[in-house]
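> Need coordinates for the below:
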Amino acid sequence: MAPRKSPLFDTATTLGKIMSFLGVSALCGVLAAGLIFPLAATGGAAATAGSQMLEELPAELLEEPLSVPSKILAEDGTELAQFYAENRKPVGIEDISGPMRDAIIAIEDERFYEHGGVDARGLSRAMVHNVTSDSQQGASTITQQYVNNVLINAQSLRGERTTISGTKTYADKLREMKLSVSIEQEMTKDEILEGYLNIVLFGGRNYGVEAAAQAYWSVPAAELDIAQAATLAGLVQNPNGYNPLVNPDAAESRRNTVLSAMLRNDYITQEEYDEAVESDLGLDPDPENAGCYHAEMGNYFCDYVVEAYLSNSDIAPTREARQQLLERGGLQITTTLDPDAQEVAEEETRNAVPAGDPSGAASSLVSVEPGTGNIKTMAQNSEYGPEDDGGVLVNYSSDFTFGGSRGFQGGSTLKPFVAAAWLEDGNSMSDMIDAGHGEYPAYTSWDATCLDNGIARNTDPWDPANVIRDMHREMTVDYGLYWSINTATVATAHELDLCDITDLMTRVGYRNAYDGSELNPANPSFVLGAYDVSPLVQANAYATLANDGEYCRPRAITEITDTSGNTYEVPEATCEQVIDEEVVAELNETLIRIAEDRTADGDPEFPMAGKTGTNNTETSTWFIGYSRGLSTASWVGNPEGSHERYSLNGQTIGGVLFEDVWGSLIAGPLWLDYMNRVAPDYSTDEFPEPEDSPWENPESSDRYSWENDGRETGGESSDSDDVPDVDDGDAGDDDDDSDSGSDSDSDSDSDSDDD
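Okay, here's the model as predicted:
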């Protein structure tokens, strides 16, 4: 049980105050005096005890770097966003107006240029006042306040609980006094004043006079006039209580008190006083702009960068430490973003699907540079922000672990990688396959050597269908991919080891968008795009095809430095040859024809290749395509999910009614409009031709004639009027349930997805 407090020391009474004063100041007064006059001149036990305590107190102020904002920059140095716990912009004393310097001295420490760090006269006055009055009066000099703020800053940077004025012990105060006297011997008065005006709080999260001047009047500290300077100087005593944005009347009253002090100390004339005291606050605030919400552009890219930064344990050992460094460490995070391309991406996504479209549709564009993995753009049609404000915080382009969605079914955009596995197995795009095979009975065996029993089985009967029924016939692998025939892709996969297909997809970066797990070959329907994947993964996988089979890990950050010149470790561009160049060259012949014939109407502005995709319920549509220098995923869909109730069919999107929605109807034109504007800024070289093409005339469109089977003999050109009125290049689309089922756990229980 704590001892009962004596009424003699009840500081609620005047007698208690006097007794407290007499009991404590006998030692503390001698100590304080000893900081100004040599203790050797005093005598007695108090002097001896005080001398010993003073010797034990630190005399050196160890300054930590000031907590300053961090910035995220585009590749050209354009500032995208800043982050801070304390909004501070340090400036030199020469960049602080004279009235500001005069105002702070007049109200906080009028004998600043006379004392040596501790003002004995002010200290005596405060002691008498505090003993004889119910109110408390401070005696801290500007030097002491500077020391106190430096100590608090150091505590904050170390993650310690800060010691504020109301919780200080006498030892704390004495330490401040000794440090103040010491620092006055090491720094000039102007250096102390500069440090003080850069560290002190001026309301909200605005620390330092430069940030405060910009926050309240949108001017630099060098341009603060008398009235503005007096307002800021008045804030120091009670930063929130006198905040002019929150309590303008209190702020104005306090400003006038400061003006009186300036007049009394001859810093201003009576005329200047009268003019200032009669003026209003004249606020012209610059709103707080911390975080991705206030990013100049690329809000969702900014969000991705922050998550990538916080996930990098090479920067600091814990996520909490990395967060503190971001908010206080003055980092400059240089990214891969191309601001010009980003501006186009943001414009085109909203041209395709307006923000908040009543249909519920959304759009996304993300571009990756082949050969580096650098993410050049990341945009979607929504406004970045909380749902309550009509915004969207989910980044449609990225995986769940990076603040994104759970991904979207890829549909036929995964079919090229089945064809690539076919080629890796020693086959040719000109090989004939039986796409007429219909149902795969329950427990049909599929080679899958990476599974425990070496096979996968569809537990239910699986009948992958095509939109056009007469496509159930023999055809070349090339023809099946060009027209996106489901039965052709499934027949191709059935002749392969499913593990070879998932292995290839993993090599180019495919993974489950929700948990990052690798694709599971146990369910054969994955070959038709049943997995949920993110647009970023799609763009980067196709960048591998643009880069002759060399996969580069996607990255958003190229450099991190801080104000002290330190450099932090970030992932380097990491590339690896994962598909043979000849395989990619032969595959690209088909993908070039798809992009040029079915997307650009045969008249492209630059060499291009790509593939459309639409999932089973028409909730996700895609065009993934690339030039030699830029790979872009265009996604248009309903982000709510893949259930048929979210289908875009029959919806009016951007003012246009769509009875059916395919990858080539909105996502394709969105991709083309964007790439026509951006791709010329990157390499537009021709794609390499295979050394041994299976085609006598690779550029001929004859083999894609609707009446043909993909061989170079017979049939009409694909420009024939006999081409059915279906999705451009997606004749394999089918709305029927084509989930194959599996006797093993699958990464997805969704229906398979077709163009």
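> Phi first, then psi, for the residue nearest the centre of the chain.
Central residue of the chain (Cα atoms, centre = their mean): Asp303, 2.0 Å from the mean position. Phi and psi for Asp303, reported as degrees, to the nearest 10, are phi -60, psi -40.
> Could you do Asp434 as well?
Here is the backbone geometry of Asp434 (degrees, to the nearest 10): phi -90, psi 100.
> And Ser367, by the same measure?
Dihedral angles (degrees, to the nearest 10) for Ser367: phi -120, psi 140.
> hmm, back to that, quick one: contacts for the residue nearest to the centre of the chain?
Asp303 sits next to 292, 384, 393, 395, 403 when contact means Cβ atoms under 8 Å, 6 or more residues apart in numbering. C-beta coordinates here come from the backbone N, C-alpha and C atoms, glycine included.
> and if you look at Arg322?
So Arg322 contacts 309-310, 312, 315-316 (Cβ under 8 Å, 6+ apart).
> just to revisit the earlier point, buried subset of the contacts of Asp303 as a ChimeraX selection?
To isolate the buried members of the contacts of Asp303 in ChimeraX, using 16 or more other Cβ atoms under 10 Å:
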select :292,384,395,403
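> Closest one to Asn466 out of the contacts of Asp303, please.
Asn395 (34.7 Å; Cβ to Cβ).
> Verify the contact between that closest one and Gln380 for me.
Yes. In this structure, Asn395 is within contact of Gln380 by Cβ atoms under 8 Å, at 7.5 Å.
> Give me the common contacts of these two.
Common neighbours of Asn395 and Gln380 are listed as Tyr300 (criterion: Cβ under 8 Å, 6+ apart).
> from the contacts of Arg322, which ones fall inside strands?
Among these, no member falls in strands (DSSP state E).
> which parts of stretch 565-573 are buried?
By neighbour count, and taking 16+ other Cβ under 10 Å as the criterion, the buried residues in stretch 565-573 are 568, 570.
> Look at that stretch and report the distance between its end residues.
End-to-end distance of stretch 565-573 (Cα to Cα, to the nearest Å): 23 Å.
> Which residues does it contact?
The contact list for stretch 565-573 (Cβ under 8 Å, 6+ apart) reads 312, 314-315, 331, 372-374, 552-553, 555, 557-562.
> mind redoing it with 6 Å?
For stretch 565-573, the surrounding residues in contact (Cβ atoms under 6 Å, 6 or more residues apart in numbering) are 314-315, 372-373, 555, 557, 560-561.
> Include secondary structure, pLDDT and distance to Arg205 when you put those residues into a markdown table, please.
A markdown table is the format used below for the contacts of stretch 565-573 (DSSP: H, G, I helix; E, B strand; the rest coil; pLDDT from 0 to 100; distance: Cβ to Cβ, whole Å):
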| residue | secondary structure | pLDDT | distance to Arg205 |
| --- | --- | --- | --- |
| Asp314 | coil | 94 | 29 |
| Ile315 | coil | 94 | 23 |
| Thr372 | coil | 98 | 37 |
| Gly373 | coil | 98 | 36 |
| Arg555 | strand | 97 | 31 |
| Ile557 | strand | 98 | 25 |
| Ile560 | strand | 98 | 23 |
| Thr561 | strand | 97 | 23 |
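> Kindly indicate the member of the residues you listed with the most neighbours.
For these, the largest number of neighbours (other Cβ atoms under 10 Å) sits with Gly373, at 25 neighbours.
> if you skip the residues just before and after it, what's nearest to that one?
Spatial nearest neighbour of Gly373, excluding adjacent residues (Cβ to Cβ, 6 or more residues apart in numbering): Cys552 at 3.3 Å.
> can you tell me which residues contact that neighbour?
372-373, 575.
> Identify the bridge partners of it.
On the basis of DSSP bridges, Cys552 is bridged to Cys575.
> Can you tell me how far it is from Ala345?
Separation of Cys552 from Ala345 (Cβ to Cβ, to the nearest Å): 20 Å.
> What pLDDT does the model give the nearest residue to Ser97 once chain neighbours are set aside?
Using Cβ to Cβ, 6+ apart and skipping residues adjacent in sequence, the residue nearest Ser97 is Leu224, 4.4 Å away. On pLDDT, Leu224 comes in at 98.
> doesn't Asp95 make contact with Leu224?
No. The pair Leu224 / Asp95 is not scored as a contact, 10.6 Å apart, by Cβ atoms under 6 Å.
> For the stretch 51-200 of the chain, give me the ranges with low pLDDT.
51-63, 122-139, 159-168 (pLDDT under 70).
> if we can go back for a sec, out of the contacts of Asp303, flag the one nearest to Phe112.
Using Cβ to Cβ, Cys292 is the member of the contacts of Asp303 that lies nearest Phe112, at 41.9 Å.
> Mind checking what secondary structure Pro464 has?
The assignment at Pro464 comes out as coil when based on DSSP: H, G, I helix; E, B strand; the rest coil.
> burial count for it?
Residues near Pro464, counting by other Cβ under 10 Å, number 28.
> again with Glu347
Residues contacting Glu347 under the criterion other Cβ under 10 Å number 14.
> For Asn312, see how far away it is.
Computed as Cβ to Cβ, the Glu347 to Asn312 distance reads 32 Å.
> now the strands for the stretch 601-750 of the chain?
Taking DSSP state E, counting those that start in this stretch, the strands of the stretch 601-750 of the chain run over residues 609-614, 620-626, 631-637, 651-653, 656-658.
> Turn these into JSON lines, including mean neighbour count and mean pLDDT.
Converted to JSON lines, these look like this (neighbours: other Cβ atoms under 10 Å; pLDDT from 0 to 100):
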{"stretch": "strand 609-614", "mean neighbour count": "32", "mean pLDDT": "96"}
{"stretch": "strand 620-626", "mean neighbour count": "32", "mean pLDDT": "97"}
{"stretch": "strand 631-637", "mean neighbour count": "32", "mean pLDDT": "98"}
{"stretch": "strand 651-653", "mean neighbour count": "17", "mean pLDDT": "94"}
{"stretch": "strand 656-658", "mean neighbour count": "12", "mean pLDDT": "94"}
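> Which pair of the contacts of Asp303 spans the longest distance?
Greatest spatial distance in those: Tyr384 and Gly403, 11.0 Å, computed using Cβ to Cβ.
> now, among the contacts of Cys552, which is nearest to Thr614?
The closest of the contacts of Cys552 to Thr614 turns out to be Gly373 (Cβ to Cβ; 27.4 Å).
> if I pick that closest one, what's in contact with it?
By Cβ under 6 Å, 6+ apart, Gly373 lies in contact with 552-555, 573.
> Ok, Glu272 next?
Glu272 makes contact with Ile226 under the criterion Cβ under 6 Å, 6+ apart.
> Could you say which helix or strand holds it?
Following DSSP states H and E, one finds Glu272 within helix 270-277.
> Could you do Arg457 as well?
In this assignment (DSSP H and E), Arg457 forms part of strand 455-458.
> Walk me through which strands that strand pairs with, and which way each runs.
Its sheet considered, strand 455-458 pairs with strand 444-447 (antiparallel) by DSSP bridges.
> Leu224 and Asp95: which has the busier surroundings?
Set Leu224 next to Asp95 and count neighbours by other Cβ under 10 Å: Leu224 wins out with 27 against 15.
> Asp357: neighbour count?
For Asp357, using other Cβ under 10 Å, the count is 19.
> how close does it sit to Pro90?
Distance, Asp357 to Pro90, by Cβ to Cβ: 46 Å.
> With Asp497 instead?
Separation of Asp497 from Pro90 (Cβ to Cβ): 63 Å.
> Repeat that for Pro521.
According to Cβ to Cβ, Pro521 and Pro90 sit 58 Å apart.
> next one: Arg553
With Cβ to Cβ as the criterion, Arg553 and Pro90 are 37 Å apart.
> Of the two, which one has the most company?
Legend: neighbour count by other Cβ under 10 Å for Arg553 and Pro90, higher for Pro90 (20 against 14).
> so which strand or helix has Ala421?
Taking DSSP H and E as the criterion, Ala421 maps to helix 415-424.
> picking up where we left off before, the residue nearest to Ser97: what's it in contact with?
Leu224 is in contact with 97, 100, 213, counting by Cβ under 6 Å, 6+ apart.
> Which one of the residues you listed sits in the busiest neighbourhood?
Ala213 (27 neighbours).
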